Structures are given as structure tokens and as C-alpha cells.
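Asker: just a sequence and a predicted model for now, questions to come.
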Amino acid sequence: METLIVTTGHEEESDLSKFHGVNCIFFRRNFLPYKISFSLRRWLTRHVSEFDLVHIHALFSFSSWAAASAARKHQVPYVVRPLGVLNRWGLANRRPLLKRIWLRFIEIPLLRRAAAIHYTAESEREEARAFHPEIGRLKSFVVPIPVSGPPADTSPEKFVRSFPHVSGKKSVLFLARLDEKKGLDILLEASLS
């Protein structure tokens, strides 16, 4: 099976290149909000029919809408991975009015026409179902993101040997984007007590 990653967000557009052994094409964003890239849309319209399936990662994004529109036009099935954005917190706290409008007129129709919705956890699917019952009735599946096991030696002693300045101090590891939703303030407060 041949895989091609088509993405936006780079300063320069590229012809086909390899990234970690996978074929990639990068497109310049014309406008930052919603990842608007006119050259990506043109490329998708011309080339999407060369593929058997389109796997769209994200919602509330011009590039996701462009991919779904091109796939529909050329009768290529597409799967949508919402990346956890179909939850009450995100829809209520980040551009809520715009997202309600976009959800009603863009995202719900996009999801209805998808071959399926790809969730990475059952809890993500349940959150989407609780937020919008129609989304819960759409065809979906759960495939977790594969994570390899920890390195052989993950002991606290090895960490202190690698970072001697933390010896005798409390350490907290936070692996996520800095966002109010992630509750970093709660973690910091708990670590101080």
C-alpha cells in the first residue's frame, strides 16, 4: 500500500519528498486561521481520484473541508479523525459561536458523508455522542494510537543521573500542549502541596 501525506503549515511548498520514509507534499498556508491553503485545495481537486481512501485528520479546518469536498466530488471514500474536538469543553470555550455555526453547516454534513469516523479512544467517541446525538449514530470505529513500551531503564535514578540539578527536588512531567483544557493549573497546585 502506498501512503502519501499532504499537509499545510510550511513556509515553502514542496514537490514529493520523504519524511521518515513516507512520501509527503507540503503546502503553504495562505491564512493561519483554519489552515486555509488554496494550493492544497487545487492539488486535492486534481489528484484525489488517484487514491482509494482519504483519511482526514481534524475538523474545523479549511484543509479538512477541502479534502472531504474533493473526495465527495470524485467519489473517493473518506474517513475523519476528529482529534478530540467533538467535546463540550472545546466547543464551549474556543470560539463557541463560530464553532456552532461551522458545526451545523460544515462539520455535521461532512461527518454524515464520511465512510466512518475514526476515534482513538472509546471515551472520545462517547464525548462526541454526548455532545451531539446525531454524531453518535454515524458509523465509527476506535483504533488507538499505537505507543511503544518505555525504554529499558526509566528509573528515577537514571533521570537524576541525566539531570543532576533536580536531585532532591520534586519533579513533574507534563506531556501535552499548553491549554486550559489540560488542567495544568490543577497539576501544578497538586504538585506544590
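Answerer: Structure received.

Asker: tell me how the protein divides into domains.
Answerer: Split into domains by automatic domain parsing, the chain comes to 4-147, 149-193.

Asker: name the helices or strands packed onto the longest helix along the chain?
Answerer: In the chain, ranked by residue count with DSSP state H as the criterion, the top helix is helix 62-73. Judged by 3 or more Cβ pairs under 8 Å, 6 or more residues apart in numbering; DSSP states H and E, helix 62-73 is in contact with strand 4-8, helix 38-47, strand 54-57, strand 78-81, helix 108-113. Bear in mind the C-beta positions are built from the backbone N, C-alpha and C, glycine included.

Asker: turn these into CSV, columns for mean neighbour count.
Answerer: Shown next, in CSV, are the helices and strands packed on helix 62-73 (neighbours: other Cβ atoms under 10 Å):
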stretch, mean neighbour count
strand 4-8, 16
helix 38-47, 16
strand 54-57, 18
strand 78-81, 21
helix 108-113, 16
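
Asker: got the ones you listed as CSV, with mean pLDDT columns?
Answerer: Formatted as CSV, those follow (pLDDT from 0 to 100):
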stretch, mean pLDDT
strand 4-8, 70
helix 38-47, 93
strand 54-57, 94
strand 78-81, 97
helix 108-113, 96
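
Asker: nearest residue to the middle of the chain?
Answerer: For the chain, Leu83 is the residue whose C-alpha lies nearest the centre (Cα atoms, centre = their mean; 3.9 Å).

Asker: tell me the pLDDT of that residue.
Answerer: Looking at Leu83, its pLDDT stands at 89.

Asker: sorry, back to before: most tightly packed of the domains of the chain?
Answerer: Mean neighbours per residue, mean count of other Cβ atoms under 10 Å, is largest over the domains of the chain for domain 4-147, with a mean of 16.

Asker: contact partners for Trp43?
Answerer: By Cβ atoms under 8 Å, 6 or more residues apart in numbering, the contact set of Trp43 is 6, 25, 27.

Asker: list phi and psi for the last one.
Answerer: Dihedral angles of Phe27 (phi, psi; degrees, to the nearest 10) stand at phi -120, psi 140.

Asker: thinking it is in contact with Ile36, fair?
Answerer: No: look at Phe27 against Ile36 with Cβ atoms under 8 Å: they stay out of range, at 10.4 Å.

Asker: the residue with the largest distance to the centre of the chain and Leu187: what is the separation?
Answerer: In the chain, the residue that sits farthest from the middle, by Cα atoms, centre = their mean, is Gly168; the gap is 38.1 Å. Distance from Gly168 to Leu187, counting by Cβ to Cβ, to the nearest Å: 21 Å.
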